[in-house]
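Visitor: Model the structure of this input:
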Amino acid sequence: MPRTPIERVAGVTLAVVAALVALFLIAPLLAILPLSVSDGQFLVYPIRGFSLRWFETFFASERWALAIRNSFAIGATAASIATVLGTLAAIGLARANFRGKKFVTAVLLSPLIVPIVIYAVGLYFFFARMGLTQTYTGIVLAHAALGSPFVVVTVGAALANFDHTLMRAASGLGASPLVAFRRVMLPIVLPGVLTGALFAFAASFDEVVTVIFLAAPQQRTIPREMFSGIRENISPVIAAASVVMIVTAVLLVATVEWLRRRSLRARQQAG
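Guide: Below you'll find the model as predicted:
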């Protein structure tokens, strides 16, 4: 059906506004890219020449290498814990009806709402009594708590379309609850689980406030190292580190989109 002139104008206006909003959001990221390949000593425009020296410094420096290892190790471990806990919580909320269910859900999702500074301060005093400050265990647990809500949300969304009679059928055929979960439920909700895991990893990989409160000097992550670099010595190495984090974020978003489309195709085929 052909569109009316008013609809065409509205469509063009919407497209222009969306493009301007996207440009406003992306502009800061685009501004940092040329600075990462500048041959100057400072983060300034205009750029006189281009060089990859700051990427070489970033990857060759033992200080930054430690930060890279810490970021990926902490992020992967925290995401694994968050995925297990968040998946179990989402399944429990989906299958059970009890008083206070909304309250429990709100508590599980509270790390998404509570300001990160308040969370970090409270966690510091709580972990200090347990001897978990300045330890990798404390940082991992803190990041796992921050990542769990993402898993609860994505797995909960996947379970919204799950037919629970399949689990009862598997139980009627003699399958234990664990076997039924592994062979019936998990393959169906797996895209949601993986998506939540990626979001949990991203939340840990990008987090800096709790690391500032809880980490020891040798437990620096990439964001923590960047924060220190901005305060102590503004160098284009920070821009190179920013590009690495941007690329990592883009890869995570691309993976999430691929999982979303894969899940959508699976639902269409099942329907």
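
Visitor: ok, now how distant is Ala90 from Val189?
Guide: 8 Å (C-beta to C-beta, to the nearest Å). Glycine gets a C-beta too; all of them are placed from N, C-alpha and C.

Visitor: What of Leu214?
Guide: As it turns out, when the distance is counted by C-beta to C-beta, Leu214 lies 32 Å from Val189.

Visitor: what does Ala94 give?
Guide: From Ala94 across to Val189, the span is 10 Å (C-beta to C-beta).

Visitor: Touching both of those two, which residues are there?
Guide: When contacts are counted by C-beta atoms under 8 Å, 6 or more residues apart in numbering, Ala94 and Val189 have 159, 162 as shared neighbours.

Visitor: Have a look at those two and say which one is more surrounded.
Guide: The neighbour count for Ala94 versus Val189, taken as other C-beta atoms under 10 Å, is higher for Val189 (24 against 17).

Visitor: For that one, which non-adjacent residue is closest in space?
Guide: What sits nearest to Val189 in space, not counting adjacent residues and going by C-beta to C-beta, 6 or more residues apart in numbering, is Ala158, at 4.1 Å.

Visitor: Report the secondary structure state of the one you found.
Guide: Classification of Ala158 using DSSP: H, G, I helix; E, B strand; the rest coil returns helix.

Visitor: go on, the one 5 residues further on?
Guide: In three-state terms, and counting by three-state DSSP, Asp163 is coil.

Visitor: Number of residues surrounding it?
Guide: Neighbours around Asp163, by other C-beta under 10 Å: 12.

Visitor: How about Ile139?
Guide: Ile139 is surrounded by 27 other residues when neighbours are defined as other C-beta under 10 Å.

Visitor: one step back: so what sits against both of Ala90 and Val189?
Guide: Here Ala90 and Val189 share the contacting residues 155, 159, scored by C-beta under 8 Å, 6+ apart.

Visitor: in which helix or strand would I find Gly192?
Guide: With the criterion set as DSSP states H and E, the secondary-structure element containing Gly192 is helix 186-205.

Visitor: How far off centre is that helix?
Guide: Helix 186-205 has its average C-alpha position 9 Å from the chain's average C-alpha position, going by C-alpha atoms, centre = their mean, to the nearest Å.
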